[in-house]
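Novice: sharing a model that was predicted from the sequence below.
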Amino acid sequence: MATRKKKILYGILILFCSILLAASIYINSLMPIITGYAAKNLCSGVFISGRDQKEMEAADLNFSFIKFNRNVVDFENKSVVSRFLWGRSKAIYREGFGATLLRDIDEEDLRANRFPATTGPLYNPDTIKWPLGNIIPDTLTGINLSKLDSIEKKVEVNAYNGNIYAFMVLHKGIPVAETYKPQFNKDTRFLSWSMAKSFTNAFVGILVKQGKMNVSEPAGFEEWADDERKNITLNDLLHMQSGLQWNEDYGNRSDVTVMLHCESDMGKFAYDKKYAYPAGSHWYYSSGTTNIVSKLIRKEFIDDSSYYAFTRNELFSRIGLNDAILEADPSGTFVGSSYLYATARDYARFGLLYMNDGVFNGERILPERWVEYSTSEAGNSDGKYGAFFWLNKSRRIQSAPEDMYSCNGHDGQYIFMIPSKDLVIVILGFSPGGIDLEKLLGDILATV
């Protein structure tokens, strides 16, 4: 009897130790994600957005294991170190590149990479009229300004749920509403998260206009030459139909969290994935797909100086985004899936570019019919996705018309474009619990 009891106790002890070991291994696998998320986002927030460390820790970093990080900001060296249990991550800020996690690269080597001088704005935006500059016209558009004012007041007190930091509405191309939480203003650069994907769409469009890319052609990676992946076209990638395996779950260790927080070359991590479906046959959301496209964009340039200058000279400066920063991964490729920082007015200008069929301030930036292509439904997406833009063809948001399309970020960042109402709506902030978009958009549409 005693021997049997001992065996049972030993069995329980072995089971307990096995569970403890498995839990330790799993937690260890999360360490670079937990600490990397805090270090990267705090570094960007402090050195790009000019935010206060404690304010960010109380708001954007106050969830799950992330809130238990011990963060140290080094203002002299422009870096952030975050620690949780035995885990540690460091992110550094570099002018032009933004904040980058140290992953598989020496800090000294990363700092040695200098962002090239690019063609900056030849004007002071505060002396130039909207949309290129910041002088807002007094033009009356016919929208109900009194109702808009009421909506702004509700936004300020989070009456639509979430935590909206910046809110802006354009009607007929004119800013008619603009409000910020007290710690932010018109010069604050906000994180895009996945709204950056739509900017990657624009970069592709510009290269198509220049004759350097063709959406119908295979992507052409050498690593894909001898297997089924050789059939994946740029069009498949833009419509999230690559067929490559991918897990976009942000709640744990997944493909997207590993890519953003553990990998030095995010595009390569994504294009190394195995083939799961025939290209063009199956729609599913994948941030990795966008970073594959970012990798393809970089391949179009003879050197990195030309590559880095391209985004600013061919898009940002031409539509008034003079202070926007698209961050790079450690390998030097822009993280086109997630890491853009720009002002609320910048995001509104981007929306205006698409509302005007790729023309901005009288200058054609995108090819003719590129917006039509970008907002055409991806097969098997149930009317909810185009080419790196979200659609409302299935009336996912019932209060908004079918022709609405948008740039969406996973923590409550949006640029809504509604052609039939001539509206551009920008919502920025930290709202992981969601925003009542049905009510908010419905209220805005009722003002027109």
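Specialist: Yes, it's here.
Novice: from what I can see G267 touches S287, true?
Specialist: No - with contact taken as C-beta atoms under 8 Å, G267 and S287 are classed as non-touching, separated by 11.0 Å. Placement of C-beta: from N, CA and C, glycine included.
Novice: where do the contact lists of the two overlap?
Specialist: The overlap between the contact sets of G267 and S287 (C-beta atoms under 8 Å, 6 or more residues apart in numbering) is empty.
Novice: and the contacts of stretch 323-333?
Specialist: Residues outside stretch 323-333 that contact it (C-beta under 8 Å, 6+ apart): 44, 48, 96-105, 110, 113, 187, 189, 196, 199, 263-268, 291, 294-295, 298, 304, 311, 316, 334-336, 339-343, 346.
Novice: what residues of that stretch count as buried?
Specialist: Under the neighbour-count criterion of 16 or more other C-beta atoms under 10 Å, stretch 323-333 has A324, I325, L326, E327, A328, D329, P330, S331, G332, T333 buried.
Novice: which one of the residues you listed is nearest to V424?
Specialist: Ranked by distance to V424 (C-beta to C-beta), these are led by A324 at 16.8 Å.
Novice: around the closest residue to that closest one other than its chain neighbours, count how many other residues there are.
Specialist: Excluding the flanking residues, the one nearest A324 by C-beta to C-beta, 6 or more residues apart in numbering is A342, at 4.0 Å. As a burial measure, A342 scores 27 neighbours (other C-beta atoms under 10 Å).
Novice: do K67 as well
Specialist: With other C-beta under 10 Å as criterion, K67 counts 13.
Novice: which residue is the nearest non-sequential neighbour of it?
Specialist: The shortest distance from K67 to any non-neighbouring residue, by C-beta to C-beta, 6+ apart, is to L61 (6.2 Å).
Novice: got a pLDDT number for the one you found?
Specialist: Looking at L61, its pLDDT reads 98.
Novice: give me the phi and psi for the closest residue to I319 other than its chain neighbours.
Specialist: Leaving aside its chain neighbours, I319 sits nearest to F360 (4.6 Å; criterion: C-beta to C-beta, 6+ apart). Geometry field for F360 lists phi and psi as phi -130, psi 120, criterion degrees, to the nearest 10.
Novice: cool, and W390?
Specialist: Backbone dihedrals for W390, given as degrees, to the nearest 10, come out at phi -90, psi 150.
Novice: sorry, back to before: for the residue nearest to I319, what are its contacts?
Specialist: With contacts defined as C-beta under 8 Å, 6+ apart, the neighbours of F360 are P131, L132, R318, I319, R349, L352, L353.
Novice: now intersect these with the helices, please.
Specialist: Where these overlap with helices, as defined by DSSP state H, the overlap consists of R349, L352, L353.
Novice: count of residues packed around the residue nearest to T188 when sequence neighbours are not counted?
Specialist: Taking C-beta to C-beta, 6+ apart, and ignoring the residues beside it in sequence, T188 has S49 as its nearest neighbour in space, at 5.8 Å. Using other C-beta under 10 Å as the criterion, S49 is surrounded by 20 other residues.
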